[in-house]
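> Mind folding the following:
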Amino acid sequence: MTAGKKGKIAVGYSNKIAVGHGNEIAVGHGNEIAVGQSNKIAVGHGDELAVGHGNEIAVGHGDGIIGVGKRGKIAVGQSIVRYGKAAKGSMQDEYGNDSISSLKGADRVRLRPAVIFGSDGLQGCEHSIFEILSNSIDEAREGFGEVIEVTRFKDNSIMIKDYGRGIPLGYNEREERYNWELVYCELYAGGKYNNNKNDSSVYEFSLGLNGLGCCATQYSSEYFDVTVFKDGYMYELHFEKGENIGGLKKTKAIYESTGTTQKWRPDTEVFTDINVSLEYYLNVLKKQAIVNAGLIFRLYDEESDQNFEFCYENGIVDYIEEFCDGKNFSQTVFCSTSARGRDRADKPEYRVKIQAAFCFTNENNLLEYYHNSSFLEYGGAPDKAVRIAFVSEIDKCLKQRGKYGKDESRIMFCDVQDSLALIINSSSTETSYENQTKKAITNRFIQEAITVFLKHQLEVYFIENKVDGDRIIDQILLNKRSRESAEKMRVNIRKKLSGGVDIANRVKKFVDCRTKEIDKREIYIVEGDSALGSCKLGRDAEFQAIMPLRGKILNCLKADFDAIFRNEVITDLLRVLGCGVEVKVKHARDLYEFDMNNLKWGKIIICTDADVDGFQIRTLVLTMLYRLVPTLIREGKVYIAESPLYEIATKGKTYFAYDERERRRITSGLSGKYTLQRSKGLGENEPEMMWETTMNPLTRRLIKVTPAEEEQTARYFDVLLGENLQGRKGFIEEHGHMYLDQIDI
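Sure thing, here's the model as predicted:
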């Protein structure tokens, strides 16, 4: 406790009481009581009590404090303030007329970039680039300029140059302001609001819509430079952090083409990441070339000193054929139309143009939607239209041609999608995007127009192309039946593999270990019951478990999944491993989710006899792991336990040789008599021998199975164990003589 009297200051810190008397200031800090009496100020900070008496000010700050003042004084507290019968609450907690404020100028974007760009991270920065690019594309789509040039600089700045009419920057009589202010400093200002009015429209169909892009990107930039060649002049603008520097510069100029060049660097004060990858530019420019037939996009990347160019003369048709690479089983269909309509009776009528290109293939599938040149990542109206039209017409065709079985369920769109490569490229004079990022559209009339159009085109196609039509609907029906079969298999596998291995859900003859520490746990996969006995007696039961195989397991590269998962030996082993399976089935990608975290073992050790049968069983187990749980191999969890080939006994010691070379080395070093015999099978070994040669971590020999040459491994598995019969014959013809001494005949 500290005290001050008669015109003094008393200060107390940390869990103390500070008391001041007589015309003084008493100040307390940190969980204490500050008391001041008689014409003074009592101030308390922290979770404390501040009390003032007599013509004074009592102030308390912090959670759970009480500020009390009496007789003509002011009592102020934060968090909790109680003052007799007076009003409760602090001055800072008031919510009055002065509490409302608005963002102005560049702050409207700089402080809230996600509102415009969808994110304040890398995705938002990427979208800001696309906003500028889209204006150049709109010019080219109207026939002004055939080339758009983009430069990606090392410092993450960007330059986009077009050869259009040039952005008008001069004085606007109607708005009574300069256009450069409207375009670059005013949100919701632009030249694309009258697209649906034929008499005053600058653009028929435009990617830009809201008058936000140029302004928002300028506001969010560290600097932003504009150069426009137009009307015999060069116009220049320079901005820094949303503010114009130096106004509009206008000079007479001689130039080969009108156009606009804009260079800027996104501001790290606005975006958390501005390092836009080269892949983003390549992807965006390629997509824009696909849907803007004949338009040339050139990209220069300063970082890699590379130039790229994208142009598709026939637009979406060229891309469909490039994507399929000749592997489609139907011809590519291109169709287009235009329509007029409205989203609601009281809404204005607008124009829609639709292009579609599609074919059917079993190699890959593709669904891409574009509207006014913007890639619709989430689709919206066009996606709904495609789903309705294709399912309706193909289902109708299947019924008409009697392809369905009795009581068979109808197809779903996923059955069509598995074999469909399709691009929809639409445009409209009125567009309702879900938001400024323009990843989906919601126009009701556009959906209806595309649906009607595609239904008609498909109906005509199936009538005029019966051979191709039969091939298509047969494949889609096969997709449906495969999906249904895979779903049944998935359910069965889940039933078999789900649930832990415990007393109520046991695996036949599986012998567990005691420790629960995953990294220490080892499971030995051994041949049959005989090996189980010797391994069980020879192991360290603290950390070594045994899983016996009952005969030779299936060749998992030749058997189908239905047969594999009917095999009890395989499903039991998978249950013991505990991590699920990684099955890449077209119609059941989530057959049973693999989760490495659920693996119950630090080491999976394959332990078989050192003979031809043992090697074959080892290979089949490896094949099963390779096909069903390849990540275990990639993560280095799979081992092969070497078992000795020879047992060499002398008077005082027994040696074990694991191959012929080692046998010769051991016997050449022995001076006395010895006996030599081939090792017995694992089931005939004594437990002590099993421990010493195969299970003791200090003396055993383990071979770690690694995917160092993954492609070569896959090739050998395919040739030796897969369906590649011709390859296997060729391999035997070329290399068979090397293995004659190992043939078991």
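> Secondary structure element holding the residue nearest the centre of the chain?
For the chain, the residue sitting closest to the mean C-alpha position, by C-alpha atoms, centre = their mean, is Gln123 at 13.0 Å. In this structure, Gln123 sits in helix 122-141 according to DSSP states H and E.
> who are the neighbours of that helix, in terms of helices and strands?
When contacts are defined as 3 or more C-beta pairs under 8 Å, 6 or more residues apart in numbering; DSSP states H and E, helix 122-141 sits against helix 113-117, strand 147-152, strand 158-162, helix 213-219, strand 259-266, helix 278-291. Glycine gets a C-beta too; all of them are placed from N, C-alpha and C.
> can we see that at 6 Å?
Using 3 or more C-beta pairs under 6 Å, 6 or more residues apart in numbering; DSSP states H and E as the contact test, the elements touching helix 122-141 are helix 113-117, strand 158-162, helix 213-219.
> mind checking how far the nearest residue to Asn362 once chain neighbours are set aside is from Asn283?
Leaving out its chain neighbours, the residue that sits closest to Asn362 by C-beta to C-beta, 6 or more residues apart in numbering is Ser419, at 5.8 Å. Counting by C-beta to C-beta, to the nearest Å, the separation of Ser419 from Asn283 is 25 Å.
> who has more neighbours, the two?
Using other C-beta atoms under 10 Å, the more surrounded residue of Ser419 and Asn283 is Ser419, with 21 against 13.
> what kind of secondary structure is Thr667 in?
For Thr667, the assignment made with DSSP: H, G, I helix; E, B strand; the rest coil gives helix.
> circling back to that earlier point, make a markdown table from the helices and strands packed on helix 122-141 and add mean neighbour count, distance to Met695 and mean pLDDT to it.
Shown next, in a markdown table, are these (neighbours: other C-beta atoms under 10 Å; distance: least, C-beta to C-beta, whole Å; pLDDT from 0 to 100):
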| stretch | mean neighbour count | distance to Met695 | mean pLDDT |
| --- | --- | --- | --- |
| helix 113-117 | 21 | 60 | 87 |
| strand 158-162 | 21 | 64 | 97 |
| helix 213-219 | 26 | 68 | 89 |
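> so can I have TSV of those showing distance to Lys466?
Shown next, in TSV, are the helices and strands packed on helix 122-141 (distance: least, C-beta to C-beta, whole Å):
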stretch	distance to Lys466
helix 113-117	51
strand 158-162	48
helix 213-219	49
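> Is Tyr655 located within a strand, as I assumed?
Yes - counting by three-state DSSP, Tyr655 is found in a strand.
> going forward, begin numbering at 358 instead of 1
Fine by me, first position is 358 from now on; the one you just mentioned is Tyr1012.
> Can you tell me how far the closest residue to it other than its chain neighbours is from Ile850?
Spatial nearest neighbour of Tyr1012, chain neighbours left out: Ile1005 (4.2 Å); criterion: C-beta to C-beta, 6+ apart. Ile1005 is 48 Å from Ile850, where distance means C-beta to C-beta.
> quick revisit: any idea how far the helix holding Gln480 is from the middle of the chain?
With C-alpha atoms, centre = their mean, to the nearest Å as the basis, helix 479-498 stands 23 Å off its chain's centre.
> Walk me through the domains of this structure.
Per automatic domain parsing, the structural domains of the chain span 359-451, 464-667, 673-845, 855-1000+1060-1064.
> Among the ones you listed, which comes closest to Gly1026?
domain 855-1000+1060-1064 (20.7 Å; C-beta to C-beta).
> From the chain's centroid, how far away is the closest one?
31 Å.
> Give me the average confidence score over that domain.
Average pLDDT, domain 855-1000+1060-1064: 84.
> got it, and stretch 810-829?
Summarised as a single mean, pLDDT over stretch 810-829 is 95.
> Can you give me the end-to-end span of it?
Criterion C-alpha to C-alpha, to the nearest Å; first-to-last residue distance in stretch 810-829 is 20 Å.
> what comes up buried for the helix or strand Ile921 falls within?
Per DSSP H and E, Ile921 falls inside helix 918-923. By neighbour count with 16 or more other C-beta atoms under 10 Å, helix 918-923 contains the buried residues Phe918, Ile921, Phe922.
> Same question for stretch 955-975.
Using 16+ other C-beta under 10 Å as the test for burial, stretch 955-975 gives 956-958, 960-968, 971, 974-975.
> so of these, which ones are in strands?
If you go by DSSP state E, the buried residues of stretch 955-975 have Lys960, Ile961, Ile962, Ile963, Cys964 in strands.
> which one of those is nearest Ile807?
Within those, the smallest distance to Ile807 is 53.2 Å, found for Ile961 (C-beta to C-beta).
> pretty sure the closest one is touching Val995, no?
Yes - applying C-beta atoms under 6 Å, one finds Ile961 in contact with Val995, separated by 5.1 Å.
> Just the strands from the stretch 958-1102 of the chain, written as ranges.
Using DSSP state E, counting those that start in this stretch, the strands found in the stretch 958-1102 of the chain span residues 960-964, 995-998, 1003-1006, 1011-1014, 1032-1035, 1059-1061.
> how about those, which one is nearest Leu834?
The nearest among the strands of the stretch 958-1102 of the chain, by C-beta to C-beta, is strand 995-998 at 40.5 Å.
> who's in contact with that closest one?
Identification of contacts with strand 995-998 by C-beta atoms under 6 Å, 6 or more residues apart in numbering yields Lys960, Ile961, Ile962, Ile963, Cys964, Leu982, Leu989, Thr1051, Leu1059, Ile1060, Lys1061, Val1062.
> Pick out whichever of those sits closest to Glu636.
Distance to Glu636 across the contacts of strand 995-998 (C-beta to C-beta) is lowest for Leu989, with 31.6 Å.
> Which among the domains of the chain is found nearest to Lys1037?
In terms of C-beta to C-beta, the element of the domains of the chain nearest to Lys1037 is domain 855-1000+1060-1064, at 8.7 Å.
> Thanks a lot, catch you later.
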